[in-house]
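# would you be able to build a 3D model of this:
(one chain, ligands or ions: 1)
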Amino acid sequence: MEEMLVIRGGAPLRGEVTVHGAKNAVLPLLLAGTLTDEEVEICDCPFISDVEAMTLLMRSLGVDVAREGRRIRVRGGAKRASADGALSKTMRSSMFMLGALLATVREVHMPLPGGCNIGARPLDIHIDGLRAMGARVEARDDMLHCCADELHGADIVMRYPSVGATENLMMCASLARGDTCLINCAREPEIVCLARGLKAMGGDISGEGTSVMRIRGVRKLRGASLMPCGDRIVAGTLVAATAVAGGDVAIYGVDPCDIASVTDAFKSDHCLIDDDGVCVRVRADGRIRPVNISTAPFPLFPTDMQAQLMGAMCFADGVSVIDETVFERRFAHARELVKLGADITLDAGRAIVRGSGLTGGRLKGATMYARDLRGGAGLVIAALGAEGESKIFDIGYIDRGYERPEDMLSCLGADISRLPVAGVEAR
Ligand code: UD1
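Numbers count the residues shown, from 1 in each chain. Coordinates of the predicted model:
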């Protein structure tokens, strides 16, 4: 049944939240679980549709995957070299099949993957790296065909620190013969988390969290119990929500260092943010300082927080300039935010947001449509600050990465509920 979020803005947020395991850590860890015949358990797996879709994808590869509450057990590797076509087409994370399947069954056939519609998202960095390790890769009729008789270590210079490519190459290199050196690799906390997971399984990795990672291939990996890092994007979204709505919120479950670029963006005399190494506390009166920010790979400002930042900057006391450098065309939320009365101008990869605090104008609730996962979260942030009622449709996008966002926010005092879409409103 189609559902929507109904939000009445203006209620301050108060209380404590613990964020769930990171979507972007759980997805590669699930596939890492296929690199051994022994059982791998992944703890704190959120109930979000991307995780559910990944378990279905893995089952279609013949992997034995079972969920027990927040734990998912993976027993054994893939039995087939191709997955359910529809699933792998719609999920960008199906790209992790490349590294995991090449490392085990030495063969993979998959449709070129999809995911959120945010730019071209090519796979050249993945493919270059896999080829350097001895894989043969061919793209034919919208399908990618890869195989390898043997995988060997290699020195791989990545032209851009792609998160997914780094993760694929880490998985592949862990079972390849010899040493691999990834130069200019990604440094995101989820990379560190995957490295820890692979090490717990007997992998030999060093340099994770820096731009040069070394991976010594091992003959076999073993079973383990793995814990994903907390979801820094969910935590960052809560920071944005509190900054806009005002209030006093303590966020647990995320390393404060992992969201430093986000907390720095929101900090002001009106939004005090501090941490004790364990908990990030946000105390805000609802006034927002404008920013001049570019998205970039970690540790700089994450592209996955750009929409939520924009949602917040609609209320700022001045003009914000937001440059999106990671994914082109990641501004679909802007034209929805305008429906609230926000003043946003787009110019290629730049958004200029004239905050309502500058003009003294007010943003008023409206009907908006989520266009992608984080963009949908950006609409929620703005609706929390707007006057009156907003309705957000197509929330299936939001459910891909946030576990029952309405419960998390209403526990803090937000006026938000999930309702079925009445026939006349459904599109
Ligand atoms: C991951 C995250 C996603 C996040 C993104 C950037 C997961 C499941 N998803 O996506 O939430 O927004 O990192 O932090 O972890 N690129 C190429 N060629 C390639 C690979 C990437 O040109 O072979 C480009 C992409 O088009 C994009 C940029 O590099 O412009 C970053 O992409 P990448 O870091 O690979 O993102 P994902 O791993 O897809």
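# list, one by one, the residues from the protein near the ligand.
24, 27, 92-93, 119-126, 160, 162-165, 190, 302-304, 326-327 (C-beta under 6 Å from any ligand atom). Where you see a C-beta, it was placed from the backbone N, CA and C, and this is true even at glycine.
# what stretches of the stretch 1-150 of the chain score poorly on pLDDT?
For the stretch 1-150 of the chain, the stretches flagged by pLDDT under 70 are 113-121.
# please enumerate the strands of it.
Listed in chain order, the strands of the stretch 1-150 of the chain (DSSP state E, counting those that start in this stretch) span residues 3-8, 13-18, 39-42, 64-68, 71-75, 107-111, 136-140, 143-147.
# could I get those as a markdown table with mean neighbour count?
As requested, those are arranged in a markdown table below (neighbours: other C-beta atoms under 10 Å):
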| stretch | mean neighbour count |
| --- | --- |
| strand 3-8 | 21 |
| strand 13-18 | 16 |
| strand 39-42 | 22 |
| strand 64-68 | 14 |
| strand 71-75 | 19 |
| strand 107-111 | 21 |
| strand 136-140 | 12 |
| strand 143-147 | 18 |
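# helices of the stretch 101-250 of the chain, start to end?
With DSSP state H, counting those that start in this stretch, the ranges of helices along the stretch 101-250 of the chain come out as 124-132, 163-174, 189-200, 232-245.
# in CSV: those helices, plus mean neighbour count.
Output for the helices of the stretch 101-250 of the chain, formatted as CSV (neighbours: other C-beta under 10 Å):
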stretch, mean neighbour count
helix 124-132, 20
helix 163-174, 27
helix 189-200, 23
helix 232-245, 28
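# now tabulate those in a markdown table and tack on distance to Ile48.
Putting those into a markdown table (distance: least, C-beta to C-beta, whole Å) gives the following:
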| stretch | distance to Ile48 |
| --- | --- |
| helix 124-132 | 24 |
| helix 163-174 | 18 |
| helix 189-200 | 15 |
| helix 232-245 | 10 |
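# nearest to Arg362, of the ones you listed?
For Arg362, the closest of the helices of the stretch 101-250 of the chain is helix 232-245, at 13.4 Å, according to C-beta to C-beta.
# quick one: distance of that closest one to the chain centre.
14 Å (C-alpha atoms, centre = their mean, to the nearest Å).
# what sits closest to the residue in the stretch 51-200 of the chain that the ligand sits nearest to if chain neighbours are left out?
Using C-beta to the nearest ligand atom, the single residue of the stretch 51-200 of the chain nearest to the ligand is Gly164, 2.7 Å away. With C-beta to C-beta, 6 or more residues apart in numbering as the criterion, Gly164 has its nearest non-adjacent residue at 5.2 Å, and that residue is Met95.
# wouldn't the one you found be in contact with Asn168 here?
Yes: the criterion here is C-beta atoms under 8 Å, and Met95 meets it with Asn168 at 6.7 Å.
# report the set of residues contacting both of these two.
His126 (C-beta atoms under 8 Å, 6 or more residues apart in numbering).
# so what's the residue of the stretch 51-200 of the chain closest to the ligand scoring on pLDDT?
Gly164 carries a pLDDT value of 96.
# that one touches Met97, doesn't it?
No: Gly164 is beyond contact range of Met97, at 11.1 Å (criterion: C-beta under 8 Å).
# what about the residue nearest to Gly164, neighbour count?
25 (other C-beta atoms under 10 Å).
# which residues touch it?
Pro113, Leu123, His126, Gly164, Asn168.
# from these, which single one is nearest Tyr402?
Among the contacts of Met95, and counting by C-beta to C-beta, the member closest to Tyr402 is Gly164, at 20.5 Å.
# separation between the closest one and Met170?
11 Å (C-beta to C-beta, to the nearest Å).
# could you identify the helix or strand that succeeds the helix or strand encompassing Arg374?
Using DSSP states H and E, Arg374 maps to helix 373-385. Next helix or strand after helix 373-385 toward the C-terminus (DSSP H and E): strand 389-393.
# tell me the angle of that following strand relative to strand 3-8?
160 degrees (axes from the mean of the first three to the mean of the last three C-alpha atoms, to 10 degrees).
# tell me where the stretch 301-427 of the chain has strands.
Going by DSSP E, counting those that start in this stretch, the stretch 301-427 of the chain shows strands at 319-323, 343-347, 350-354, 367-369, 389-393, 415-420.
# which stretches in the stretch 151-300 of the chain count as strands?
For the stretch 151-300 of the chain, applying DSSP E, counting those that start in this stretch gives strands covering 155-157, 179-183, 204-206, 212-216, 224-226, 247-252, 271-275, 280-284, 292-294.
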